[in-house]
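Undergrad: I would like to see how this sequence folds:
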Amino acid sequence: MIRIHLAARIGKWFLFLLVTAGFSSTPAQELKYEFHHLTVTAKRYPGHYPDINRTITVIDSTDIERTPVTAVQDLFGYFDNLDLQRRGPHGVQSEISIRGGSFQETLVLIDGVRVNNPQTAHHNLNLPLSIHDIGRIEILHGPGSAIYGADAAAGVINFITKVSSNGLNMDAYGGQHGLAGTTFSVSKLNKRFSSRLSLAASRSDGYRYNTNFNFYNLFYSALFKSGHNSITLKCGYNDKKFGANGFYAAGYPDQCEKTSSIFSLVSGQLKNNRLQITPTVSWYRHNDLFLLDFNRPGWFKNEHETNSITVDLPVISAFKAGVLCAGIHVRKEQIFSDNLGDHQRSLGGVYAGLQTVQLSKFLFHGAAHLHRYDRWGWKIWPEIGCSYYPSGSFKLYFSYGQSFRMPSFTELYYTSPANMGNPDLYYSRVLAVELGWRWDNSLCNLEGAVFQKDGRNTIDWVRRDPDSAWRVKNLAELTTNGFEIRAIKRLEFFKWIQKIKISYCGLYSNKETGNFKSKYALNFPRHKINSELRFSLPGSVQFNILNSWQKRNLGPSYSLTDIGIQKLLWNQEIYLNVTNLFNTEYEEITGVPMPGRWMVAGIKLFTPF
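TA: Residues are numbered from 1 along each chain as shown. Model prediction:
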């Protein structure tokens, strides 16, 4: 639990580091702020990356292209402070947690627009995007409710879609277990108008009984420009059908599920040298059909449809000392379900943040979100942070924030003999403090952080004895302590070695539920080490070798090694991906074994025009 004496202790560490580092004779690097050079994360809180007082991971287009995966969801297993838990590879179903939080505490965005599923967070990564639609991914570690509102209790993942050059792109691949897939995209750009259309499909017979799948994806984006102003239109469709052997209930190998999602947004941008206004309206619909036994479709079936409509109006103003961001957002969520019933809720709020206020060698930021929900009224969620630059290449930073998540419709209204929802649930709350550092030098980039999170009124499924049904309560108290460190070197003087990376994350959590037993045991990675070596050979052959070793809180440790090999030609690339090279037996979700070695080969083509 984050108590006053702990915050004071971390504050003393920070003050000590500031004082000792202050004796450095190297002057602080002069920091300049120009509105057009800012990186706007999620269209809410702009900031130049080196100046942000938080831990942020950016997965750029090169990382996405060179990682040996075919689905964007599988990317997250290669990062130390992210916990990817899958019920199957290639985007079948995935859940992602940040810094030991639950997957319900991660907010997912597409181009700054939320796509969290109000039915259940199991569907948060059912994205209407293929891996080739992604330009980069920005990940905020730690609380984000002061910036983004509800459900950003552990962190935020923002998928930023790609802007391609004029031409046709195609990717076709095949592999073991009857895997086959293709992606096709066409892009057209000029000074006033640009558009991009992509189509994707994939299928597999499955790596064990009833793990087959068929996926389809469509995504379109268009941008209309007039001077500094613009209008953006984006829409996507995703359709998934898959066998779900043991996914949700042990002893039922014939489970199956079909999901579909539609995402659309219209956004305008009015901008001058000092002011930017970006009104955005978005709609996200998700349909889910689940059968406990596909041989008896009428025996146990759940069918749900959810709709989320969001209106955002952020205003950003740049001035000499920093950047001010303020705005309002309103959201309405609906569900129509044969099990959960028909429900709707409205929520929204106003927010404001001040970033990169410079005083000597210090940078400060602060933000607050005043959020309203019908049942609870108005609540404020603050965040503060400070960075100190003893030299131009070294930074220390400290942050404190409060965040929360809403209960899902499943947690509120689900009813069965074994599981009972609770319509009186309250929000769960997280308080977090972080002390971090970053050092950029000629050898490599080094960064790390220590943090503590205190979860209060945590939503959990509990019961007193084995004969009782599981019930949802605001009961658990969850404290998580963690340490992260990573080193990245992009080698320019060795032409054949392009990148070396190694990272470590250690977590310790303690959950208190009183006299109740918790349904969901803490099965986070207690220790996780990730490494990557990217190099090239004569003849335009590129290798990428990735390894992830982890010891989960429950179960044995295991190590996974994946390899990607690419042969580059003029306008095409031939590649071979091998995941789980050494055929390791492992589970990311208890009771759902993951596949062994899986080889995939393919070809990518690009035709400019």
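
Undergrad: Could you pull up phi and psi at residue 382?
TA: For residue 382, the backbone dihedrals (degrees, to the nearest 10) come out as phi -100, psi 170.

Undergrad: Surely it and residue 403 touch.
TA: No - contact criterion Cβ atoms under 8 Å: residue 382 and residue 403 do not qualify, at 10.0 Å. Yep, even glycine has a C-beta here, placed from its N, CA and C like the rest.

Undergrad: overlap in contacts of the two?
TA: Common neighbours of residue 382 and residue 403 are listed as residue 146 (criterion: Cβ atoms under 8 Å, 6 or more residues apart in numbering).

Undergrad: Compare those two (neighbour count), which wins?
TA: Ranked by neighbour count (other Cβ atoms under 10 Å), residue 382 and residue 403 place residue 403 first, with 33 against 16.

Undergrad: what packs against the helix or strand encompassing the more buried one?
TA: Using DSSP states H and E, residue 403 sits in strand 394-405. Judged by 3 or more Cβ pairs under 8 Å, 6 or more residues apart in numbering; DSSP states H and E, strand 394-405 is in contact with helix 4-21, helix 145-148, strand 377-391, strand 428-440.

Undergrad: which one of these has the lowest average pLDDT?
TA: If you rank these by mean pLDDT, helix 4-21 sits at the bottom with a mean of 39.

Undergrad: For residue 528, which non-adjacent residue is closest in space?
TA: Distances taken as Cβ to Cβ, 6 or more residues apart in numbering put residue 550 closest to residue 528, at 4.2 Å, once the chain neighbours are dropped.

Undergrad: need the contact list for that neighbour.
TA: The neighbours of residue 550, taking Cβ under 8 Å, 6+ apart as the test, are 525, 527, 528, 529, 557, 558, 559.

Undergrad: and with 7 Å instead?
TA: 525, 527, 528, 557, 558 (Cβ atoms under 7 Å, 6 or more residues apart in numbering).

Undergrad: okay if I get those as CSV plus secondary structure?
TA: As requested, those are arranged in CSV below (DSSP: H, G, I helix; E, B strand; the rest coil):
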residue, secondary structure
525, strand
527, strand
528, strand
557, strand
558, strand
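
Undergrad: Separate out the buried members of those.
TA: 525, 528, 558 (16 or more other Cβ atoms under 10 Å).

Undergrad: Count the neighbours of residue 109 for me.
TA: Residue 109 is flanked by 22 other residues according to other Cβ under 10 Å.

Undergrad: Specify the beta-bridge partners of it.
TA: On the basis of DSSP bridges, residue 109 is bridged to residue 114, residue 158.

Undergrad: wait, doesn't it sit right on residue 158?
TA: Yes - shown here, residue 109 and residue 158 form a contact pair, counting by Cβ atoms under 7 Å, at 4.3 Å.

Undergrad: Next, count neighbours for the residue nearest to residue 159 when sequence neighbours are not counted.
TA: Spatial nearest neighbour of residue 159, chain neighbours left out: residue 110 (5.1 Å); criterion: Cβ to Cβ, 6+ apart. Neighbour count for residue 110, taken as other Cβ under 10 Å: 25.

Undergrad: ok, residue 110 - contacts?
TA: Residues counted as contacts of residue 110 (Cβ under 7 Å, 6+ apart) are 129, 159, 161, 263.

Undergrad: pLDDT wise, what is the second one at?
TA: Just to be clear, that refers to residue 159. Looking at residue 159, its pLDDT stands at 95.

Undergrad: Return the residues in contact with it.
TA: For residue 159, the contact set (Cβ under 7 Å, 6+ apart) comprises 109, 110, 127, 129, 134, 137.

Undergrad: going on from the helix or strand hosting residue 509, what's the next piece of helix or strand?
TA: When secondary structure is defined by DSSP H and E, residue 509 falls within strand 497-512. Per DSSP H and E, strand 497-512 leads on to strand 517-518 as the next helix or strand towards the C-terminus.

Undergrad: Give me the contact list for that next one.
TA: Contacts of strand 517-518 (Cβ under 7 Å, 6+ apart): 460, 462, 463, 476, 511.

Undergrad: hmm, which two among those residues are most spread apart?
TA: Pairwise distances among the contacts of strand 517-518 were taken by Cβ to Cβ; the largest, 14.8 Å, belongs to 463 and 511.

Undergrad: Count the neighbours of residue 251 for me.
TA: 6.

Undergrad: quick one on the thing from earlier: what are the pairing partners of the strand holding residue 509, and which direction each?
TA: The pairing partners recorded for strand 497-512 under DSSP bridges are strand 470-489 (antiparallel), strand 525-537 (antiparallel).

Undergrad: Can you lay out these as TSV showing distance to residue 371 and mean pLDDT?
TA: Shown next, in TSV, are the strands paired with strand 497-512 (distance: least, Cβ to Cβ, whole Å; pLDDT from 0 to 100):
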stretch	distance to residue 371	mean pLDDT
strand 470-489	17	89
strand 525-537	31	93
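
Undergrad: With distance to residue 256 added, can I get these in CSV?
TA: Supplementary listing: these in CSV, determined by distance: least, Cβ to Cβ, whole Å:
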stretch, distance to residue 256
strand 470-489, 24
strand 525-537, 30
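
Undergrad: what about the helices in the protein?
TA: Ranges of helices in the chain, per DSSP state H, are 4-21, 61-66, 145-148, 409-413.

Undergrad: Tell me how far the last one lies from the chain's centre.
TA: Helix 409-413 has its average C-alpha position 23 Å from the chain's average C-alpha position, going by Cα atoms, centre = their mean, to the nearest Å.

Undergrad: ok, residue 232 to residue 275 distance?
TA: Computed as Cβ to Cβ, to the nearest Å, the residue 232 to residue 275 distance reads 18 Å.

Undergrad: which of those two has more neighbours?
TA: Legend: neighbour count by other Cβ under 10 Å for residue 232 and residue 275, higher for residue 232 (19 against 13).

Undergrad: what residues are up against that one?
TA: Residues counted as contacts of residue 232 (Cβ under 7 Å, 6+ apart) are 223, 267.

Undergrad: same question, residue 309
TA: Residue 309 is in contact with 283, 331, 332, counting by Cβ under 7 Å, 6+ apart.

Undergrad: mind running it again at 8 Å?
TA: Contacts for residue 309 (Cβ under 8 Å, 6+ apart) come out as 281, 282, 283, 331, 332.

Undergrad: Among these, which one sits closest to residue 62?
TA: Taking the contacts of residue 309 together and measuring to residue 62 by Cβ to Cβ, the closest member is residue 282, at 29.0 Å.

Undergrad: If you drop the residues flanking it in sequence, what lies closest to the closest one?
TA: residue 265 (4.0 Å).

Undergrad: before we move on, what about residue 511?
TA: Nearest one to residue 511, counting by Cβ to Cβ, 6+ apart, is residue 478 at 4.9 Å.

Undergrad: so who does the one you found touch?
TA: Neighbours of residue 478 in contact, by Cβ under 8 Å, 6+ apart: 453, 454, 455, 458, 509, 510, 511, 512.

Undergrad: By neighbours, which of the contacts of strand 517-518 wins?
TA: Busiest of the contacts of strand 517-518 [other Cβ under 10 Å] is residue 460, holding 24 neighbours.
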